[in-house]
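> quick one, what's the 3D model for this:
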Amino acid sequence: MSELQREVSELEKKSATAARLFDIRRIIGGLFTLYGVIVTIAGLTASDADLDKAQGVNINLWTGLGMLALGLFFLGWLWLRPLAPPVPRDEEDGPEAV
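Coordinates of the predicted model:
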């Protein structure tokens, strides 16, 4: 029975690692931060013709900064409030205990 319990505990550890790796906050934060940097750079290098198209507003700069702020918010949230590790089951509990 100890072999089965060891396999179950290994699977629980792998599941917890996968849950932390694919946390939606990490994915959203990473993508918004990456795209925010790209759009901000596009806004910083905007030409006068680009600004004239947007009636003098550097929309790429403002959108990029907003995306960057949102992405950093999600990553900060992930850092400040990480996923709680799963509570290990007691070995004396039967298979019904969760």
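
> so Arg26 sits against Leu78, correct?
Yes - using Cβ atoms under 8 Å, Arg26 is in contact with Leu78, at 5.6 Å. For every residue, glycine as well, the C-beta is placed using N, CA and C.

> show me which of these two is the more surrounded one.
More crowded of Arg26 and Leu78, by other Cβ atoms under 10 Å: Leu78, with 19 against 16.

> now name the helix or strand holding that one.
helix 59-80 (DSSP states H and E).

> dump that helix to PDB, keeping only the CA atoms.
Taking C-alpha atoms only, helix 59-80 is exported to PDB below (Å, rounded to 0.1, in the frame of the first residue of the first chain):
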ATOM      1  CA  ILE A  59      -2.800  56.100 -29.300                       C
ATOM      2  CA  ASN A  60       0.000  53.500 -29.500                       C
ATOM      3  CA  LEU A  61       1.800  55.100 -26.500                       C
ATOM      4  CA  TRP A  62      -1.300  55.300 -24.300                       C
ATOM      5  CA  THR A  63      -2.500  51.900 -25.200                       C
ATOM      6  CA  GLY A  64       0.900  50.400 -24.700                       C
ATOM      7  CA  LEU A  65       1.300  52.000 -21.300                       C
ATOM      8  CA  GLY A  66      -2.200  50.800 -20.300                       C
ATOM      9  CA  MET A  67      -1.400  47.200 -21.400                       C
ATOM     10  CA  LEU A  68       1.900  47.300 -19.600                       C
ATOM     11  CA  ALA A  69       0.200  48.500 -16.400                       C
ATOM     12  CA  LEU A  70      -2.400  45.800 -16.700                       C
ATOM     13  CA  GLY A  71       0.200  43.100 -17.300                       C
ATOM     14  CA  LEU A  72       2.300  44.200 -14.400                       C
ATOM     15  CA  PHE A  73      -0.800  44.300 -12.200                       C
ATOM     16  CA  PHE A  74      -1.500  40.600 -13.000                       C
ATOM     17  CA  LEU A  75       2.100  39.600 -12.400                       C
ATOM     18  CA  GLY A  76       2.100  41.500  -9.100                       C
ATOM     19  CA  TRP A  77      -1.100  39.900  -8.100                       C
ATOM     20  CA  LEU A  78       0.500  36.500  -8.800                       C
ATOM     21  CA  TRP A  79       3.500  37.400  -6.800                       C
ATOM     22  CA  LEU A  80       1.600  38.700  -3.800                       C
END
